[in-house]
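>>> Sequence and predicted model, in that order:
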Amino acid sequence: MKTIILLLAAAVFTQALAGETSTEVETPYGEQKVVFDFYFDDPNKINSALFWVRSLINPLMDEPYGMAPEFLDIKVVIHGTEIVTLARKNYAKYRDAVERMRYYASLGVQFKVCGLAASDYDYATDAFYEFVDVVPSAITELAHWQLQGHALITPNVMEKRLSTEEIR
């Protein structure tokens, strides 16, 4: 008898859940203050990391939020191998990433390169594009902006090994 009651309860519960769907929520976002920490083992990973920046900017600029870029206080601190993407001499190799960063910079995103890392790569300040600031140290820069109230986002860029169709 217990088994029959449990089976009936499970059937009723399953039917109740089957009719329910998720709800789209419009979180009341306010002014955004974010610092991204870019530190990758492969310079090409910057392309995927820039999607993280896009994923922050686009929804906030689109409806229902319609935020103007001046309400987005976004910094990107670069101190890994991806520093080579910002060296002007490497434009041909990293053109797509550079142009995306240039576009984001036109929206107010600030790109900051670690001076210590630049020195490790033998890059002088003038090796970088006009939209790049060279700061003394990535770590002190990250700490500074967090102390100013910026949320820290560190993109975790992994290699995709399975297609979406394979894992659905």
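Thanks, I have the structure now. What you see is a predicted model, and the numbers here were worked out from it, not measured in a lab.

>>> Distance check, the residue nearest in space to the middle of the chain against Lys112.
Nearest to the mean C-alpha position of the chain, counting by C-alpha atoms, centre = their mean, stands Trp52 at 2.4 Å. Trp52 sits 16 Å away from Lys112, going by C-beta to C-beta, to the nearest Å. In this view, the C-beta of every residue, glycine as well, is placed from N, C-alpha and C.

>>> so where does the residue nearest to the centre of the chain fall, helix or strand?
helix 45-61 (DSSP states H and E).

>>> Show me what the next helix or strand after that helix is packed against.
Once the chain leaves helix 45-61, the next helix or strand it forms, by DSSP H and E, is strand 72-78. Helices and strands touching strand 72-78, by 3 or more C-beta pairs under 8 Å, 6 or more residues apart in numbering; DSSP states H and E, are strand 32-38, helix 45-61, helix 91-106, strand 110-114, helix 138-147.

>>> Adjacent strands (with direction) for the helix or strand following the last one?
It refers to helix 138-147. Proceeding N to C from helix 138-147, the next assigned helix or strand is strand 151-153, under DSSP H and E. Pairing partners of strand 151-153, with direction, according to DSSP bridges: strand 32-38 (parallel).
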